[in-house]
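> Here you go, sequence then predicted model.
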Amino acid sequence: MEFLDFQHDPAAEKLVAEVYAAPPMAYIHSFGCQQNVSDGERIKGVLCDIGYGLCDRPEDADLILYNTCAVREHAEQRVFGNVGALKALKEKKPGLIIGLCGCMANQQHIVDKLRKSYPYVDLVFGVDGIDTLPQLLSQKLEGKKRILLAPAQRPVIVEHIPVRRESDFRAWLPIMYGCDNFCTYCIVPYVRGREKSRRPADILAEFKGLVAAGYKEITLLGQNVNSYGKGLEEGMDFSDLLHLLCTVPGDYRVRFMTSHPKDASRKLIDTIAAEPHLCKHLHLPVQSGSDRLLAAMNRHYNVEQYLALIDYARQRVPGITFSSDIIVGFPGETEEDFAATLALVKTVGYMQLFTFIYSKREGTKAALLPDPTPRKEKTDRMQRLLDTQDAIAIEKTAELVGKTVRVLVEGYGREEGTLSGRLDNNLTVEFLADESKIGSYAEIELTGARATVLLGQCKEA
Ligand code: SAH
Ligand code: SF4
Ligand code: F3S
């Protein structure tokens, strides 16, 4: 693994200024997870670094980049739908550059499809290519017809890539890239490559910069943050990193995702108990409540171990809440397996669930398994899971009424004049207050709940 520093490209900046009479506009849209959103912020930073401006509508753009997600078929279809819709725009504006990057671009069959069926797509590069964008664009502006890079993984981490963050009070901070787990259903290890951790000093420097700039919530990102540090000279694990970051003085809170249950240690839970800056909430994707399926998914834990971890966390961190991801309809899932998932969901009592119907991903191990369960059966199971979780979440939300909580005010509520804030546990509360509060913390007395949205009164309003 090599660590490189981002290099500003003055030649690219000059070329952009020569080609366009006024600063060209870029429209960047990121699909998928927070990691991709974070990459999108760096793509914007790199473009601004060579003289691009940013716009909110594809019609206003000289460069359109879709930063894509490959995790489920639906995600890919959405991207193809969006790209297809650009054909007319390109005909009207031949100088328009259309590019596709991110996770889909790291699959050969997707690059082949774009080459063959989407001739108006000019530029394709993968997740490791963000720092090279100025050079790719230079080639394009110098007249090269199409640049469709083959999927490749670079064993490097490029630091100090410029970043244009979408919020000025909530920030994404990647601490590692890639994934080594190869859960049998998942495409991420194939498209994002092997796990690689950033150096603690680089993370700390970025973290300090965010706190100094007034960021109130910093979310550490990695596909499996609990395996942070593998292969680094520093000999640090994720808990050590959290302790290090929390030494930075300031008024902020820290979240992280995702925690793989197989690597979520007692030490991590102790760290959450010990560090006031850490949200008392854990996103701990279980995927299934059936030991048979957990083994078939290659998850390396069973229900008993998972529940023991939840129990330990509840003992050590009073009031801690949990959220999870669940896949419904993994190949060969029986009614019995699914019943075990429902039972687990009830036992844990999650605050929030992110539920997905299994989507076959070419190249993964699960894609080779027989999958006889009809779609209708899977959607029925999904509905039963959603109904079960709704009842739990409504009950859990109602239990909070009467408490006073500290929330980060994020924006406007659904009703005129209200603002919306987020609790430690990720729930939102709506209350009346002046909009100047957006981006800061407020003490809110929880007065009621509408399903899973809390209603409250601002103490200092
Ligand atoms: N690294 C994280 C999340 C990765 S993707 C983790 O391990 O939890 C986010 C979620 O998408 C996963 O947790 C899983 O629930 C879901 N997912 C991944 N591949 C999927 C597939 N092929 N079909 C349906 N859901 C999938
Ligand atoms: Fe996918 Fe599993 Fe890696 Fe998460 S841990 S990204 S689900 S392979
Ligand atoms: Fe999607 Fe890539 Fe994230 S596949 S979920 S954008 S890592």
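Now that the structure is in, tell me what you want to look at. Ligands and ions are numbered 1, 2, ... in the order given.
> Heading C-terminal from the helix or strand where Ala11 lies, find the next helix or strand.
Following DSSP states H and E, the helix or strand that holds Ala11 is helix 10-19. Using DSSP H and E, the next helix or strand after helix 10-19 towards the C-terminus is strand 25-30.
> which one is the residue of the stretch 251-400 of the chain found nearest ligand 3 nearest to, not counting chain neighbours?
Distance from ligand 3 to each residue of the stretch 251-400 of the chain (C-beta to the nearest ligand atom) is smallest for Arg361, at 9.3 Å. No exception for glycine: its C-beta is placed from N, CA and C like everyone else's. If you skip the residues right next to it in sequence, Arg361 has Ile187 as its closest partner in space, 4.2 Å away by C-beta to C-beta, 6 or more residues apart in numbering.
> What does the pLDDT read for that neighbour?
At Ile187, the predicted lDDT confidence score is 97.
> which ones are touching it?
Under the criterion of C-beta atoms under 8 Å, 6 or more residues apart in numbering, the contact partners of Ile187 comprise Ala70, Val71, Cys103, Gln107, Arg361, Gly363, Thr364.
> quick one: which helix or strand includes Gln305?
When elements are assigned from DSSP H and E, Gln305 belongs to helix 303-316.
> which outside residues touch that helix?
Under the criterion C-beta under 8 Å, 6+ apart, residues 261, 264, 266, 269-270, 272-273, 282, 284, 286, 289-291, 294, 320, 322, 340, 344, 347-348 lie in contact with helix 303-316.
> Tell me, how many residues neighbour the closest residue to Gly332 other than its chain neighbours?
Spatial nearest neighbour of Gly332, chain neighbours left out: Leu369 (6.2 Å); criterion: C-beta to C-beta, 6+ apart. Under the neighbour criterion other C-beta atoms under 10 Å, Leu369 is assigned a count of 15.
> where in this structure is pLDDT low?
Along the chain, the model assigns pLDDT under 70 to residues 461.
> Ligand 3 contacts on that one?
Contact residues (C-beta under 6 Å from any ligand atom) of the chain with ligand 3: Gly32, Cys33, Gln35, Asn36, Cys69, Ala70, Val71, Cys103, Val188, Val191, Arg192.
> These also near ligand 2: which ones?
Here is what survives when the residues of the chain next to ligand 3 are matched to ligand 2 using C-beta under 6 Å from any ligand atom: Val188.
> Compare the residues of the chain next to ligand 3 and tell me which is most surrounded.
Most crowded among the residues of the chain next to ligand 3, counting by other C-beta under 10 Å, is Cys103 at 28 neighbours.
> Who are the contact partners of that one?
Contacts were defined as C-beta under 8 Å, 6+ apart; by that measure Cys103 touches Gly32, Asn36, Thr68, Cys69, Ala70, Val71, Val127, Ile187, Val188, Val191, Arg192.
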